[in-house]
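Participant: A structural model of the following input is requested.
(2 chains)
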Amino acid sequence: MSFCAVLFILLVLGTPSQAGDLEAFHDLHLNDPGAVQEATRVLEEEVKLAARAQTYLLIDLVTQTIQIKGRGIELHRIPIVAWSAKAVQNMKGAYRLIARPPVLRRKIDPTASIEQEPISLADMPVDYTLSYSPPLTIDVAPVVGENPVQWLRAQGKMWWRNAKDWSDSFSAGQSITQSPHLQLEVSAEQGRSLAWSAVDGMALVIRRPTDK
Amino acid sequence: MITPVPVTFSSLILIALLVADVPPNSQALLPGSETHTLSIAHTAGDAHLNGLQARYKALSAQLSRLKPQQPYILVDTARNHLYVKRRQEVVLDALASTGSGIILDKPGEGNDQWVFDTPRGEFLVQSKLTDPAWVKPDWAFIEEGEEIPKNPADRVEEGVLGEYALGFGKGYFIHGTLYTRLLGKNVTHGCIRLNDGDLKRVYTFARVGTPIIIF
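Facilitator: Numbers count the residues shown, from 1 in each chain, chains lettered A, B, ... in the order given. Next up, the predicted model:
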């Protein structure tokens, strides 16, 4: 085989491994057009977010992870145990957090000699809702085995929301446009970690699976 | 001078196959047949996929270029750790103390409050100080139930911030502490405390302009 052909083969074989190091989603099947299109859409949003001095969230429903990111670097990873969603097709673009669970902060009383306990991860809730603009609601609930009561409460909330949507749709006499809604089950510890890290105005991008 | 290299017939076939991206076991396509129509659709699909792949790779590369090329400081306020990282490599993992989240009412200013959180987001090292002195802000006196001094010199306290301090804006610093037993806890007024050894390493490593990412 000639020198040219060998050189060409080396080049062809060499390129994918170099590109692979740069690829944002290592799980991506490059021959699946839907998956590549979704990854591209997410990357278009992420490049805009990573260009600014801020931290942001990437909820990757394909790899079942929540990633706290900054400048494109993964800072912290939270595994999702299970998830369900409504109006997934509408979960496009970047969202901004507008409401998060309240945190009970202790107040210093200068007249009292008692030292106030600082807040810690243990003060964070495990069952809560995050609201975003444009409209998107994310319910975070603990895994059933860890806290059955809170899990039941979260399921009840989900059921109530579905019933209300159905009722609204029924009274309107037509199908109304649904705001996207995501329910995430994570471990109690990771739920607290997410509540801690999700700060007002924080941006979010969601990577959706193409087969669900 | 470039010496022409003879190209054999077999290598030409191989190159043609690679360029056309044709699977080696694909059948020959005859013009006018049904297979030909399918092949046009297939080619259009391939072109679309190739376009998507190219866009995906370009965006991946663009995102990669946005990552800090120089070492950076990462602070996890939930678990009270400070890391010095070079790309994905952890150069230093130090136990830290970050903001307590406690609030203090501002006197005579309606509902205004101080919230002692460590700010989140991305910052830059703006200053590097040796033997820093603490210029106590108003809240330091108010929380102790003391009068705010009129003489600025009465605000200065030496020896409480350790040997070094790195400022990252709005009065926030990475500095040392006398209370090393509280490292690993959220106890500060927003600054980031380290023990003497870790502080020295961070000080030595960091430059003005080093990114600090806090989450």
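Participant: any part of stretch B:165-175 near chain A?
Facilitator: No - residues of stretch B:165-175 are not located near chain A by CB under 8 Å from any CB of the partner chain, the shortest gap being 11.1 Å. Any C-beta I mention is one placed from the backbone N, CA and C, and that applies to glycine too.
Participant: who touches that stretch?
Facilitator: B:73, B:82, B:118-119, B:123-129, B:132, B:137, B:161-162, B:164, B:176, B:190-194, B:199, B:202-203, B:206, B:212 (CB atoms under 8 Å, 6 or more residues apart in numbering or on different chains).
Participant: please apply the same query to stretch A:162-178.
Facilitator: With CB under 8 Å, 6+ apart, stretch A:162-178 has contacts from A:Lys86, A:Ala87, A:Asn90.
Participant: returning to that earlier point: just the ones of the contacts of stretch B:165-175 in strands?
Facilitator: B:Ile73, B:Leu82, B:Phe123, B:Leu124, B:Ser127, B:Lys128, B:Leu129, B:Tyr164, B:Ile192, B:Arg193, B:Ile212 (DSSP state E).
Participant: and after the longest helix seen in chain A, which helix or strand comes next?
Facilitator: Identified as the longest helix of chain A according to DSSP state H is helix A:148-172. The helix or strand immediately downstream of helix A:148-172 is strand A:181-186, counting by DSSP states H and E.
Participant: list the strands paired with that next one, with their directions.
Facilitator: strand A:82-86 (antiparallel), strand A:136-142 (parallel) (DSSP bridges).
Participant: export these as a markdown table, with columns for mean neighbour count and mean pLDDT.
Facilitator: Output for these, formatted as a markdown table (neighbours: other CB atoms under 10 Å in any protein chain shown; pLDDT from 0 to 100):
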| stretch | mean neighbour count | mean pLDDT |
| --- | --- | --- |
| strand A:82-86 | 15 | 94 |
| strand A:136-142 | 23 | 95 |
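Participant: nearest to A:Leu58, of those?
Facilitator: strand A:136-142 (13.1 Å; CB to CB).
Participant: between that closest one and helix A:148-172, how big is the angle?
Facilitator: On the basis of axes from the mean of the first three to the mean of the last three CA atoms, to 10 degrees, strand A:136-142 is oriented at 150 degrees to helix A:148-172.
Participant: what does strand A:136-142 contact?
Facilitator: Against strand A:136-142 from outside (CB under 8 Å, 6+ apart): A:59, A:91, A:95, A:126-132, A:150-151, A:153-155, A:157-158, A:179-188, A:191, A:194-195, A:204.
Participant: per-domain residue ranges of chain B.
Facilitator: For chain B, whose domains are defined here by automatic domain parsing, the residue ranges read B:34-66, B:72-214.
Participant: rewinding a little: which parts of the longest helix of chain A are buried?
Facilitator: For helix A:148-172, burial by neighbour count (16 or more other CB atoms under 10 Å in any protein chain shown) applies to A:Gln150, A:Trp151, A:Ala154, A:Met158, A:Arg161, A:Asp165.
Participant: right, I'll call it a day here.
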